[in-house]
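A.B. asks: whatever this is, show me its structure:
(4 chains)
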There are 2 protein chains.
Amino acid sequence: MSKSETVSAASAPGPESVVPCCPPLDERPLTAEEAETAARMFKALGDPVRLRLFSLVASHKGGEACVCDISDVGVSQPTVSHHLKKLKEAGLLTSERRGTWVYYRVEPSVLAAMGRLLTTAAARK
Amino acid sequence: MSKSETVSAASAPGPESVVPCCPPLDERPLTAEEAETAARMFKALGDPVRLRLFSLVASHKGGEACVCDISDVGVSQPTVSHHLKKLKEAGLLTSERRGTWVYYRVEPSVLAAMGRLLTTAAARK
DNA sequence: GGGCTACATCGACGGCCATCGAAGCAATGG
DNA sequence: CCATTGCTTCGATGGCCGTCGATGTAGCCC
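C.D. replies: Presented below is the predicted three-dimensional model:
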């Protein structure tokens, strides 16, 4: 059961646990649970192929892209699908089927949370 | 020219003349090389234990901590040393021996580069 | 229906990685 | 010089993960 939150109700239930996650890294030591949550997101971007796929979606016009637009990253099509699933499970992407194609789109809130986790630490220096 | 960009490095040379590594994730698709470099950094923070260790160093008074201060994360001491080595290899931490103890300290420039990679993408939304 | 395209899932394989105990190196204190 | 403490390195092991070909499913078109 996902916590009631300001999640856009239009989308499917999807993977829950989409939260601000954690305080800035230099504010307080992360607890074991916080580290587990945050590490899962960083881990999702810790693969070159996934990072390229994510960047391809994020930089695509309209903020979304179908798999056929981004599947030229040097690996087979099943592998692309596998990585997109990983990114979706990490809460970084959402997918929606429209007719023949499946469109992927970035989840801005999670991305902002990750950025805040890092930039605040640097800004306070 | 109006200040359409909130980038702090408008004219200042900046102490961080180091390579920013990559453009923001939503600006242009990353190349294979860029993705390889950036993924290496994200991967370093993609482990819960490493993330806790990094947070412990970053939040410690004085901006540095010896291993004895942060080795209580639930794993053996050799494992702690192993993870600290990984963080150092990723360029996120630096170490210095002073007498009996070895002190670790965060590398602000690399941290800032990672944050910029994420926050710019979110801020431009 | 038949065929085609777009994408996901399955099963398997190879390699990387987190973890540990044991041992090694460094510095201090007696 | 020896013992002790702080930390790193070594070697081994178990598990996770990225990758693939084959197969399955969903939607479009003739």
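A.B. asks: any idea of the pLDDT on residue A:7?
C.D. replies: Note on residue A:7: pLDDT of 37.
A.B. asks: got the buried residues for the longest helix seen in chain A?
C.D. replies: Identified as the longest helix of chain A according to DSSP state H is helix A:108-123. Neighbour-count burial for helix A:108-123 flags A:108-122 (criterion: 16 or more other Cβ atoms under 10 Å in any protein chain shown). Any C-beta I mention is one placed from the backbone N, CA and C, and that applies to glycine too.
A.B. asks: spatially central residue for chain A, please.
C.D. replies: The centroid of chain A falls nearest to residue A:92 when counting by Cα atoms, centre = their mean (1.1 Å).
A.B. asks: output the below-cut-off pLDDT ranges for chain A.
C.D. replies: Across chain A, the ranges flagged by pLDDT under 70 are A:1-19, A:120-125.
A.B. asks: alongside DNA strand D, which residues does it contribute?
C.D. replies: Proximity of chain A to DNA strand D, by Cβ under 7 Å from any atom of the strand, involves residues A:43, A:46-47, A:49-50, A:75-76, A:78-79, A:82-83, A:86, A:97, A:99-100.
A.B. asks: contacting residues around the residue nearest to residue A:27 when sequence neighbours are not counted?
C.D. replies: The shortest distance from residue A:27 to any non-neighbouring residue, by Cβ to Cβ, 6 or more residues apart in numbering or on different chains, is to residue B:59 (6.1 Å). Taking Cβ atoms under 8 Å, 6 or more residues apart in numbering or on different chains, we find residue B:59 in contact with A:25-29.
A.B. asks: phi, psi of residue A:72?
C.D. replies: When read as degrees, to the nearest 10, the backbone of residue A:72 gives phi -110, psi 70.
A.B. asks: try residue A:46
C.D. replies: Dihedral pair for residue A:46: phi -90, psi 10, per degrees, to the nearest 10.
A.B. asks: give the contact list for the residue nearest to it when sequence neighbours are not counted.
C.D. replies: Take residue A:46 and drop its neighbours on the chain: the residue closest to it by Cβ to Cβ, 6+ apart is residue B:43, 3.2 Å away. Counting by Cβ under 8 Å, 6+ apart, residue B:43 makes contact with A:42-43, A:46-47, B:90.
A.B. asks: now the strands: where do they sit in chain A?
C.D. replies: In chain A, the strands defined using DSSP state E lie at A:64-66, A:93-98, A:101-106.
A.B. asks: before we move on, back to that, contact partners of the longest helix of chain A?
C.D. replies: A:18-22, A:24-27, A:38, A:41-42, A:90-92, B:25, B:58, B:106, B:108, B:111-112, B:114-116, B:118-119, B:121-122, B:125.
A.B. asks: redo that, cut-off 7 Å
C.D. replies: Helix A:108-123 is contacted from outside by A:18, A:20-22, A:24-26, A:38, A:41, A:91-92, B:58, B:108, B:111-112, B:114-115, B:118-119, B:121-122, B:125, using Cβ atoms under 7 Å, 6 or more residues apart in numbering or on different chains.
A.B. asks: of the buried residues of helix A:108-123, closest to residue B:70?
C.D. replies: residue A:121 (16.0 Å; Cβ to Cβ).
A.B. asks: is it true that residue A:40 touches residue A:90?
C.D. replies: Yes: the criterion here is Cβ atoms under 7 Å, and residue A:40 meets it with residue A:90 at 5.9 Å.
A.B. asks: of the two, who's got more company?
C.D. replies: Here residue A:40 and residue A:90 are compared on neighbour count by other Cβ atoms under 10 Å in any protein chain shown; more neighbours surround residue A:90, at 20 against 17.
A.B. asks: next one: phi and psi at the more buried one?
C.D. replies: According to degrees, to the nearest 10, residue A:90 has phi -80, psi 0.
A.B. asks: name all residues that make contact with it.
C.D. replies: The contact partners of residue A:90, by Cβ under 7 Å, 6+ apart, come to A:40-41, A:44.
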